[in-house]
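Novice: using only what follows, build the 3D model:
(2 chains)
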Amino acid sequence: ELKVEQNPLFLSMQEGKNYTIYCNYSTTSDRLYWYRQDPGKSLESLFVLLSNGAVKQEGRLMASLDTKARLSTLHITAAVHDLSATYFCAVEKGGGADGLTFGKGTHLIIQP
Amino acid sequence: DAGITQSPRHKVTETGTPVTLRCHQTENHRYMYWYRQDPGHGLRLIHYSYGVKDTDKGEVSDGYSVSRSKTEDFLLTLESATSSQTSVYFCAISGRDREQETQYFGPGTRLLVL
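Specialist: Model (predicted):
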């Protein structure tokens, strides 16, 4: 059974600081996804990571994937209030398109 | 934004009644999914479809059925709603056969079962 664990589940930080969210998963997977969700809203795709060593950056967010360690990280650089949201990682099982297994999410609050 | 709509967006129903949620896409994507989101659980896969009339169960399929008679529509039915099915339901779509293809999520349906 594929399990996905995120930590921390809750994070409060100040603007301007850097921090990292971690996502561990239990079995081999071809794809890892990061999503953002604002309160009461749907999920917005941030990154899709396809291979070992993949690194993607968008603004103050950077995601990386280490398939050997079964670990992905989402790094936040010089946080700003607008990045406050819940962040989910999700993993696709096996090689098929049979749905995603999500972590429980990291609720991020960035205070001025 | 991916062309995904869900209906209804909000619904209140009573225990024991049947409920059908609809997901409609305009992207002609092959794969469609139903997830539920509950506090403390993240999102969990209910059912998915890999083509017209081709569906399979996900992690939490008990009490739910699905149908896909057209590429653009994926229906989720609660045969006899229970209070434990109170949740936010999200539909997602994916082309999957393209590199960098992600799963796009619909706006969600908030269901309250009394």
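Novice: burial count for residue 51?
Specialist: You didn't say which chain, so I picked chain A. 10 (other Cβ atoms under 10 Å in any protein chain shown). Just so you know, the C-beta spots here come from the backbone N, C-alpha and C atoms, and that holds for glycine as well.
Novice: should've been chain B
Specialist: Neighbours around B:Gly51, by other Cβ under 10 Å: 11.
Novice: shaky segments in chain A?
Specialist: A:94-96 (pLDDT under 70).
Novice: write out the residues of it neighbouring chain B.
Specialist: Within reach of chain B by Cβ under 8 Å from any Cβ of the partner chain, chain A has these residues: A:33, A:35, A:42-45, A:48, A:50, A:88, A:90, A:97-105.
Novice: try it again with 10 Å
Specialist: Applying Cβ under 10 Å from any Cβ of the partner chain, we find that chain A lies next to chain B at A:1-2, A:4, A:6, A:9, A:31, A:33-35, A:37, A:40-50, A:56, A:86, A:88-90, A:92-93, A:96-105.
Novice: what subset of those residues is buried?
Specialist: A:4, A:6, A:31, A:33-35, A:37, A:42-43, A:45-49, A:56, A:86, A:88-90, A:92-93, A:97-105 (16 or more other Cβ atoms under 10 Å in any protein chain shown).
Novice: which ones among those residues lie within strands?
Specialist: Counting by DSSP state E, these place A:4, A:6, A:31, A:33-35, A:37, A:43, A:45-49, A:56, A:86, A:88-90, A:92-93, A:100-102 in strands.
Novice: would A:Asp82 count as being in a helix?
Specialist: Yes: A:Asp82 forms part of a helix when assessed by DSSP: H, G, I helix; E, B strand; the rest coil.
Novice: any idea how far apart the tips of stretch A:93-111 sit?
Specialist: The stretch stretch A:93-111 measures 36 Å between its terminal residues, going by Cα to Cα, to the nearest Å.
Novice: check stretch B:19-39 too.
Specialist: For stretch B:19-39, the end-to-end distance is 22 Å (Cα to Cα).
Novice: does that stretch reach chain A?
Specialist: Yes: remark: stretch B:19-39 sits within contact range of chain A at B:Arg30, B:Tyr31, B:Tyr33, B:Trp34, B:Tyr35, B:Gln37, B:Pro39, by Cβ under 10 Å from any Cβ.
Novice: most widely separated two among the residues you listed?
Specialist: Within the residues of stretch B:19-39 next to chain A, two members stand farthest from each other by Cβ to Cβ: B:Arg30 and B:Pro39, at 31.8 Å.
Novice: if I look at the closest residue to B:Leu78 other than its chain neighbours, how far off is B:Gly40?
Specialist: Nearest non-adjacent residue to B:Leu78, counting by Cβ to Cβ, 6 or more residues apart in numbering or on different chains: B:Val19, 4.4 Å away. Note on B:Val19: its distance to B:Gly40, by Cβ to Cβ, to the nearest Å, is 23 Å.
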